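In: what follows is a protein structure lacking sequence information:
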């Protein structure tokens with residue numbers, strides 16, 4: 001059973017979804033993925049959301065980015081919106097962060113499918129010690145990378 005459902009507004013959003021998939025696989029979190037448009041296939045969005053057994057949704061969309069809000073309107077489970085960059089980046093961002101009271105969507109930065117997956121993992125980690133441990137290890141890896149990068153910069157600068 002998938003723990004996270006990824007819904008893309010368009011097949012062209014797949015590069016952003018791949019970032020999320022990489023993180024979910026790293027943490028051994030089961031996921032499913034589908035394409036459904038809030039405007040062109042609203043009945044499909046509803047069916048995907050209402051039939052899902054997942055704990056968290058990641059909704060990825062550009063342009064007017066209505067998909068995350070549409071998903072949130074159909075569930076009380078956490079929804080993470082990922083705005084996709086394009087010609088009108090501000091539209092996608094505002095469509096996700098400016099939802100009306102009572103229908104919140106967590107938002108990550110433009111094209112940050114990876115951060116959406118990390119946030120989904122953090123939500124799951126509240127009750128799942130295995131995911132919590134994977135997140136702690138990931139944070140340690142990130143810290144070690146920064147230290148290694150610093151050492152390389154110092155060495156390259158001849159200090």
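Out: Happy to help now that I have it. Remember, it's a predicted structure, so these values are computed and weren't measured experimentally.

In: check which helices and strands the strand or helix carrying residue 15 sits against.
Out: For residue 15, the element it lies in under DSSP states H and E is helix 14-26. Using 3 or more Cβ pairs under 8 Å, 6 or more residues apart in numbering; DSSP states H and E as the contact criterion, the elements in contact with helix 14-26 are strand 4-8, strand 31-35, strand 56-61, helix 113-125. Using the backbone N, CA and C atoms, a C-beta is placed for each residue, glycine as well.

In: tell me the strands beside the first one, with direction?
Out: In other words, strand 4-8. Using DSSP bridges, strand 4-8 pairs in its sheet with strand 31-35 (parallel), strand 56-61 (parallel).

In: deepest in the core, which of those is it.
Out: Among the strands paired with strand 4-8, the stretch with the highest mean neighbour count (mean count of other Cβ atoms under 10 Å) is strand 56-61, at a mean of 28.

In: endpoints of stretch 1-15, how far apart?
Out: The first and final residues of stretch 1-15 sit 24 Å from each other (Cα to Cα, to the nearest Å).

In: buried residues in it, which are they?
Out: If you call a residue buried by 16 or more other Cβ atoms under 10 Å, then stretch 1-15 has these buried ones: 2, 3, 4, 5, 6, 7, 8, 9, 10, 13.

In: which members of those are the farthest-apart pair?
Out: 3 and 10 (24.0 Å; Cβ to Cβ).

In: can you confirm residue 140 is in a strand?
Out: No: using DSSP: H, G, I helix; E, B strand; the rest coil, the secondary structure at residue 140 is helix, not a strand.

In: can you tell me how far it is from residue 146?
Out: 11 Å (Cβ to Cβ, to the nearest Å).

In: got a list of what the residue nearest the centre of the chain touches?
Out: Ranked by distance to the mean C-alpha position of the chain (Cα atoms, centre = their mean), the top residue is residue 116 at 2.5 Å. Applying Cβ atoms under 8 Å, 6 or more residues apart in numbering, we find residue 116 in contact with 20, 58, 60, 80, 81, 82, 108.
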